[in-house]
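S.K.: Okay, here's the prediction I keep looking at, along with the sequence it came from:
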Amino acid sequence: MTRMSLPTPTLHTTRLRLRPFDEADADDLFALHSNAHVLRYWDAPPWRDRVRSERFITACRQMAQEGTGARLAVDRASDGAFLGWCGLTRWNPDYRSASLGYCYGEAAWGHGYGTEAARALLGWAFDTLDLNRVQAETDTRNVASARVLEKLGFVREGTLREDCVVNGEVSDSWVYGLLRREWRPR
C-alpha cells in the first residue's frame with residue numbers, strides 16, 4: 001500500500017471553520033467526550049481522564065503524518081465556539097476509500113452543523129484524495145446521525161448485528177456507503 005503524509009486542511013463553510021486540532025482544544029474535547037449523553041450511541045464509554053484529550057490530539061497528528069486520515073475540529077465561524085469534530089480515517093489511497101466519523105456537543109445538535117461540516121470534508125476528500133468510496137457506521141438507535149448521512153447522499157448498505165458492547169449494552173450498527181458517482185456537493 002502506498003503511504004504518504006496527509007496534511008490536515010483548514011476548510012471554511014458559510015457558518016463553520018474546520019481546522020487541525022491543537023493543545024488549546026483539550027478542555028473542549030474532554031467536555032465533549034466525557035458527556036455520557038453525547039456518547040450514548042458511541043462505541044466506547046465516556047472519558048474519565050483529561051489525558052485522553054491530549055492522546056486524541058496526538059493521535060490526530062500521527063494519523064496525518066502516517067497518511068491514514070484527517071480529523072478536524074469544527075468551530076462556529078461567528079464566535080469561534082468549538083462544536084465538535086469531523087474526520088476521515090482508514091484512508092486507503094490504493095483502494096481510494098476512507099471512513100467518515102464525527103462527534104458534536106449537544107448545543108450543536110439540530111442546527112445542520114454536522115451535515116455542513118461533513119459536506120465540506122467530503123468535498124475536500126473527493127477532490128484532493130480522489131476517493132471513490134466513503135463508508136460510515138452509526139448505531140441503529142442514532143436516528144439523527146443516520147439522517148445526516150442520508151442528507152449527504154449515503155446509502156444504507158447493511159446492518160452489523162450486535163456490533164458493539166458498551167457498558168454491557170449490546171447494539172447493532174448500520175453501515176452506509178457513498179460512492180464518488182453519487183456525490184453531490186450541493
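M.R.: Okay, I see it. From a predicted model like this one, the values you see are computed outputs, not experimental measurements.

S.K.: Angles on the backbone of the residue lying farthest from the centre of the chain, please.
M.R.: Here the chain reaches farthest from its C-alpha mean at Gly168, the gap being 24.5 Å by Cα atoms, centre = their mean. Here is the backbone geometry of Gly168 (degrees, to the nearest 10): phi 80, psi 0.

S.K.: can you map out the helices along the protein?
M.R.: Along the chain, counting by DSSP state H, helices occupy 26-33, 51-66, 113-128, 143-151.

S.K.: which residues are contacting the second one?
M.R.: Looking back up the chat, that one is helix 51-66. With Cβ atoms under 8 Å, 6 or more residues apart in numbering as the test, helix 51-66 has contacts from 3, 5-8, 20-23, 25-27, 29-30, 33, 47, 69-71, 87, 89. Backbone N, C-alpha and C define where each C-beta goes, glycine included.

S.K.: now the angle from that helix to helix 26-33?
M.R.: Here helix 51-66 runs at an angle of 100 degrees relative to helix 26-33 (axes from the mean of the first three to the mean of the last three Cα atoms, to 10 degrees).

S.K.: Any buried residues in helix 51-66, and which?
M.R.: Arg52, Ser53, Phe56, Ile57, Cys60, Met63, Ala64 (16 or more other Cβ atoms under 10 Å).

S.K.: so how far is that helix off the chain centroid?
M.R.: Relative to the chain's own centre, helix 51-66 is displaced by 14 Å; criterion: Cα atoms, centre = their mean, to the nearest Å.

S.K.: And for the shortest one?
M.R.: Chain-centre distance of helix 26-33: 15 Å, with Cα atoms, centre = their mean.

S.K.: May I see the buried residues of that helix?
M.R.: Buried residues in helix 26-33, defined by neighbour count with 16+ other Cβ under 10 Å: Ala26, Asp28, Leu29, Phe30, Leu32, His33.

S.K.: Tell me the one of those nearest Glu137?
M.R.: Using Cβ to Cβ, His33 comes nearest to Glu137 of these, at 17.9 Å.
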